[in-house]
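Visitor: Following is a predicted model, sequence given first.
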Amino acid sequence: MRVLFPRHPLSLAEPHKHSLTGFTLIELLVVIAIIGLIASMVFASLTSARIKARDARRAADMHTIQLALELYVSDYGHYPNTGGAWTSFDAPQFVANDIVNPNAADLAAALVKYLPTPPTDPKNLGTDSGYDYFSDGTNMCVIFWRTPENMLNFSQNLWDIAPFRCGAVGSNGQCTSGANAIFIGAGTGAVPGGC
């Protein structure tokens, strides 16, 4: 008997032989979900480590400011005077604060020997945060202003010539009268009043 139409090799009449070497859609989705979960855990760990690193740099910056101020006092017998007004150690704010506080330029000039490059906040939030300084020549305060990302990293005063006279109070740090200290001021309101 002669066949007019030869069978196609993949004809429906013959059972198919499937390859067992591929992945099903479910298996691929499970693997993607696991990779996503691991990636989110790694990202959370990196974010926490970055916050700790920035806060560690802030503490180191405060130590640098402390040394510069103490060297200034050693040479001149008093702290650099800002005329009883707040000014900033952050380089971009020296110019901005000259409008409000003409002594800001004097602070930069007074400390250039001890602090050639003023420290800036590692997150660089602009003129609304940083390291602020207040002095009437006798008393002074230096604060972090709106910068620490984890207040628990700064649960104690970083520097105070008479320990624990000046510290963080509530969400806004305040210097007590006559205190010479470096401490945290991390509120969301206005810069705290003078020492």
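Guide: Great, that's in hand.
Visitor: Could you use CA atoms for every contact and neighbour count after this?
Guide: Will do.
Visitor: Name the single longest helix found in the protein.
Guide: Identified as the longest helix of the chain according to DSSP state H is helix 25-76.
Visitor: That one - what's its average pLDDT?
Guide: Helix 25-76 comes out with an average pLDDT of 87.
Visitor: ditto for stretch 87-97
Guide: For stretch 87-97, mean pLDDT rounds to 52.
Visitor: ok, now stretch 131-142?
Guide: The predicted model assigns stretch 131-142 a mean pLDDT of 71.
Visitor: Kindly report the same for stretch 107-126.
Guide: Mean predicted confidence for stretch 107-126 is 78.
Visitor: Buried residues, it. List them.
Guide: Judged by neighbour count using 16 or more other C-alpha atoms under 10 Å, the buried positions of stretch 107-126 are 107-108, 110-111, 114-115, 118-122.
Visitor: Including distance to residue 40 and secondary structure, could the residues you listed go into TSV?
Guide: Listed next are these as TSV, based on distance: C-alpha to C-alpha, whole Å; DSSP: H, G, I helix; E, B strand; the rest coil:
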residue	distance to residue 40	secondary structure
107	45	helix
108	44	helix
110	48	helix
111	45	helix
114	44	coil
115	41	coil
118	37	coil
119	33	coil
120	30	coil
121	27	coil
122	24	coil
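Visitor: Now for the residues you listed: which two are most distant?
Guide: Across the buried residues of stretch 107-126, no pair lies farther apart than 110 and 122, at 23.7 Å, counting by C-alpha to C-alpha.
Visitor: other SSEs contacting the longest helix of the chain?
Guide: Contacts defined by 3 or more C-alpha pairs under 8 Å, 6 or more residues apart in numbering; DSSP states H and E place helix 25-76 against helix 103-111.
Visitor: What residues of the helix or strand just after the helix it packs on count as buried?
Guide: Where DSSP states H and E defines the elements, the next helix or strand beyond helix 103-111 is strand 130-135. For strand 130-135, burial by neighbour count (16+ other C-alpha under 10 Å) applies to 130-135.
Visitor: Does residue 83 touch residue 135 like I think?
Guide: Yes. Judged on C-alpha atoms under 8 Å, residue 83 makes contact with residue 135 at a distance of 6.7 Å.
Visitor: contacting residues around residue 114?
Guide: By C-alpha atoms under 8 Å, 6 or more residues apart in numbering, the contact list for residue 114 reads 67-69, 71-72.
Visitor: If we use 7 Å, what do you get?
Guide: 68, 71 (C-alpha atoms under 7 Å, 6 or more residues apart in numbering).
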